[in-house]
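Chemist: model this:
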Amino acid sequence: MNAASELKDTSRGFLPDLGAPMEAVVTQFVNERAGEIAGREATKDPKFREVQARTSELSKKVLSAVGKELYFEFEKSSAYERVLLENHVYRQGFMDGMKFVMAMSAE
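Modeler: Got it, this is the predicted structure:
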């Protein structure tokens, strides 16, 4: 059984299967939060929207230059790379936040 099948989606996020490995629960939580933040917050940033539009223009040019098969293979790999990076960044930010809160509460 893979990690994704061990968790249940709900309308208010996710409800972990109490029998699922903790790593599966944490991974789903991190992926959902990173995606939620990217979808909600990044798109409010004018610079992000500008870069996103430029990327879209360039993607069309690259697609026509290299063909569908290679383009979509690259896009799939690149998207997965970004997901893994977001996962690491979110986890580190979460841990840094926890350390900060613990340090502040110790004073």
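Chemist: which outside residues touch stretch 91-102?
Modeler: Outside stretch 91-102, the residues within contact range by CB atoms under 8 Å, 6 or more residues apart in numbering are Val26, Val30. C-betas here are computed from N, CA, C, even on glycine.
Chemist: flag the shaky bits of the protein, pLDDT-wise.
Modeler: 1-18 (pLDDT under 70).
Chemist: which stretches in it count as helices?
Modeler: Assigned by DSSP state H, the helices in the chain fall at 22-40, 46-66, 68-106.
Chemist: deepest in the core, which of these is it.
Modeler: Stretch with highest mean neighbour count among the helices of the chain: helix 22-40 (a mean of 14; mean count of other CB atoms under 10 Å).
Chemist: for the nearest residue to Glu86 once chain neighbours are set aside, give its distance to Phe94.
Modeler: In space, and not counting its chain neighbours, Glu86 is closest to Ala34: 4.2 Å by CB to CB, 6 or more residues apart in numbering. According to CB to CB, to the nearest Å, Ala34 and Phe94 sit 10 Å apart.
Chemist: then Tyr80?
Modeler: 21 Å.
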